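1. Show me the folded form of this:
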Amino acid sequence: MILQSLLSGLVLFTSFSARTPNDESITKDDYEIAIGFKSENIFFKRDWERELGITYTDDEIWLEIEPKNLYFKPQYVNKTSRDLRYGKVDVRYRDGGYSIGYTGLYSDDTFESGISMGIQKTREINNKLSMELKWDGYWFRDELMDTTRFDMEDYAQINWKISDRLILTNIFDYNDIKGRRYYKFSIGVEYEL
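-> Residues are numbered from 1 along each chain as shown. Coordinates of the predicted model:
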């Protein structure tokens with residue numbers, strides 16, 4: 001029963017981009033290939049990337065369990081392209097599109113506890129066009145060092161339904177985690193099983 005609800009509405013997705021490196025001494029083109037699958041409760045994505053002749057593999061995995069108004073989300077991110085690897089667990093109270101709660105973050109051999117909050121909105125514009133917006137903020141305080149940090153993740157996706165199962169997506173994803181800022185803008189294809 002739990003596995004069935006996790007896999008309900010499973011979507012396969014992919015994207016590809018290629019570009020000329022900014023450094024003329026590098027003869028091989030840069031590229032990025034992304035593949036993954038997702039549903040409302042599970043997400044897996046792997047990126048293969050070559051930038052300025054150096055290859056990277058980035059992974060992101062999360063699972064979301066939401067009994068009633070509670071929200072539990074373990075997540076693992078390994079972005080070798082940004083020298084950023086962490087495990088995170090969010091436990092929040094959710095009311096509609098708003099949430100607030102606790103986040104535990106393990107990175108660089110350090111565990112941090114913080115307060116998390118989020119906003120999530122989805123809108124059907126017409127029978128072909130829809131959009132999804134997400135914002136999550138995380139406030140961490142180190143009592144011993146007397147420091148604070150605010151991390152955030154922003155996500156916007158516009159979908160154009162080509163057929164009942166095939167969707168063209170346009171995604172903007174911005175992250176500021178542990179002072180490492182990065183964004184991605186991509187166009188991809190999703191196929192709903």
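
2. and Ser81, that one's in a strand?
-> No. According to DSSP: H, G, I helix; E, B strand; the rest coil, Ser81 belongs to no strand; its state is helix.

3. how many other residues sit next to it?
-> Ser81: 17 surrounding residues under other Cβ atoms under 10 Å. To be clear about C-beta, it is placed using only N, CA and C from the backbone, and glycine gets the same treatment.

4. right, and it touches Glu49 too?
-> Yes. With contact defined as Cβ atoms under 8 Å, Ser81 reaches Glu49; the gap is 5.7 Å.

5. what about the nearest residue to Gly101 once chain neighbours are set aside, neighbour count?
-> Counting by Cβ to Cβ, 6 or more residues apart in numbering, the nearest residue to Gly101 once its immediate chain neighbours are dropped is Arg92, at 3.0 Å. Look at Arg92: counted by other Cβ under 10 Å, it has 22 neighbours.

6. show me where pLDDT drops low in the protein?
-> By pLDDT under 70, the weakly predicted segments of the chain are 1-8.

7. what about 80?
-> 1-9, 22-23, 143-145, 193 (pLDDT under 80).

8. ranges for the strands of it?
-> In the chain, the strands defined using DSSP state E lie at 11-19, 30-38, 42-51, 54-63, 70-79, 84-95, 98-107, 110-124, 129-142, 147-161, 166-177, 180-192.

9. For the last one, which helices and strands make contact with it?
-> On a contact count with 3 or more Cβ pairs under 8 Å, 6 or more residues apart in numbering; DSSP states H and E, strand 180-192 meets strand 11-19, strand 166-177.

10. Just want the angle from it to strand 42-51.
-> With axes from the mean of the first three to the mean of the last three Cα atoms, to 10 degrees applied, the angle from strand 180-192 to strand 42-51 works out at 120 degrees.

11. Is Leu150 bridged to anything, and to what?
-> Heads up, residue 150 is Phe, not Leu. Listed by DSSP bridges, the beta-bridge partners for Phe150 are Trp139.

12. distance of it from Lys68?
-> Separation of Phe150 from Lys68 (Cβ to Cβ, to the nearest Å) stands at 29 Å.

13. Give me the more crowded residue out of the two.
-> Of the pair Phe150 and Lys68, Phe150 is the one with more neighbours under other Cβ under 10 Å, namely 11 against 7.

14. tell me the contacts of that one?
-> 137-140 (Cβ atoms under 8 Å, 6 or more residues apart in numbering).
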